[in-house]
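Asker: sequence and predicted structure, then a few things I'm wondering about:
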Amino acid sequence: MLQQIRQQLEQTFSKELLDKLFESYQLANEHYYLGKHRPCCSEGGRFAEVAFRMLQQVTIGKYIPLGEAIVNFRNEVLELEKADKDKFPVSIRIQIPRTLQVIYDIRNKRDVGHVGGDVDSNSMDATLSLVCCNWVMTEFIRIYYTSDINTAQNLVNSLVKIRIPLIQDFNGFLKILKPELKLPEKILAFLYYRGSEGATVKELNHWLANRIQTGYMNLTLGKLEHEKAYVHREGDRYFITDTGRKFVAENIPFNV
């Protein structure tokens, strides 16, 4: 799915910008879910700078080169508002640029991008930054990949996978690199990694080499869902909850 989105967006935006956009977006999400607020806001700022260049490319046909500073972000945002109304929707001219300004200011003016900001970055700063990044990403996909907002949102949700050294991905086959972990920990690690994709019992069994008896697997999942509220089931798929994500981050060693 990511490759399909990339191929479609590359018809409008340069590959180097898309590489940086997806990289910073992925890292912002990873840092947020690992409770790293300052790095999340920092990556949000990088995302804003790349996304701004994408708006420049689509509206005027060129952009400030990567590696060259955007001297006055606010003035550049105002310039985008002058783009032709008949060619570009309000989202491209006004809404996305102003949202990027918010992300950029969180990084630069709230003790994230430099020492001596107004206040220490915290979970609320990181949450606002990430929500804005999510919205911008959804808008890009809505405008240049699919016109349906719900589909665009679902596609954005599917992009995020939290990379952790504990799990190695072999073309979709997930391998736990610490086999001594107990079954509940392995299940939670898998679901943590999968994020909004979740996993079916069949997938979990496959990654565990089909070594777990069906009854024991169902019993374990039932306890994780009803006794711990670490997972949630929808149809045949299981998803990790915020409680489960917090448990994983605090109790399961990611490094190998």
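Answerer: All right, it came through fine.
Asker: show me what the lowest-mean-pLDDT helix or strand in the chain packs onto, helices and strands only.
Answerer: The weakest-scoring helix or strand in the chain, judged by mean pLDDT, DSSP states H and E, is helix 149-159 (a mean of 81). Judged by 3 or more C-beta pairs under 8 Å, 6 or more residues apart in numbering; DSSP states H and E, the packing partners of helix 149-159 are helix 2-9, helix 15-33, helix 123-144. Bear in mind the C-beta positions are built from the backbone N, C-alpha and C, glycine included.
Asker: helix or strand: which one has the residue nearest to residue 251 when sequence neighbours are not counted?
Answerer: Leaving aside its sequence neighbours, residue 251 sits nearest to residue 185 (C-beta to C-beta, 6 or more residues apart in numbering; 7.9 Å). Secondary-structure assignment from DSSP states H and E places residue 185 in helix 183-194.
Asker: pLDDT on that helix, on average?
Answerer: For helix 183-194, mean pLDDT rounds to 94.
Asker: now it: buried residues?
Answerer: Across helix 183-194, burial judged by 16 or more other C-beta atoms under 10 Å covers 183-194.
Asker: show me what it is packed up against.
Answerer: Under the contact criterion of 3+ C-beta pairs under 8 Å, 6+ apart, helix 183-194 touches strand 167-170, strand 173-176, helix 201-207, helix 214-222, strand 231-234, strand 237-240, helix 242-251.
Asker: low-confidence ranges in this protein?
Answerer: For the chain, the stretches with pLDDT under 70 are 1, 110-121, 161.
Asker: can you pull the domain assignment for it?
Answerer: As assigned by automatic domain parsing, the chain contains the domains 2-159, 167-251.
Asker: right, so these: which one is the most enclosed?
Answerer: Mean neighbour count (mean count of other C-beta atoms under 10 Å) peaks for domain 2-159 among the domains of the chain, with a mean of 17.
Asker: and the end-to-end length of that one?
Answerer: End-to-end distance for domain 2-159: 7 Å, by C-alpha to C-alpha, to the nearest Å.
Asker: one step back: now find how far off-centre the helix holding residue 185 is within its chain.
Answerer: Relative to the centre of its chain, helix 183-194 is centred 19 Å away, using C-alpha atoms, centre = their mean, to the nearest Å.
Asker: now it against helix 242-251, angle please.
Answerer: Angle, helix 183-194 to helix 242-251, by axes from the mean of the first three to the mean of the last three C-alpha atoms, to 10 degrees: 110 degrees.
Asker: so for residue 99, which of the helices and strands packed on helix 183-194 sits nearest?
Answerer: Among those, the nearest to residue 99 by C-beta to C-beta is helix 242-251 (24.7 Å).
Asker: which residues does the closest one contact?
Answerer: With contact meaning C-beta atoms under 8 Å, 6 or more residues apart in numbering, helix 242-251 is reached by 33-35, 185, 188-189, 191-192, 224, 228-231, 240.
Asker: turn the helices and strands packed on helix 183-194 into a markdown table, including distance to residue 108.
Answerer: Formatted as a markdown table, the helices and strands packed on helix 183-194 follow (distance: least, C-beta to C-beta, whole Å):
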| stretch | distance to residue 108 |
| --- | --- |
| strand 167-170 | 34 |
| strand 173-176 | 38 |
| helix 201-207 | 42 |
| helix 214-222 | 45 |
| strand 231-234 | 37 |
| strand 237-240 | 33 |
| helix 242-251 | 28 |
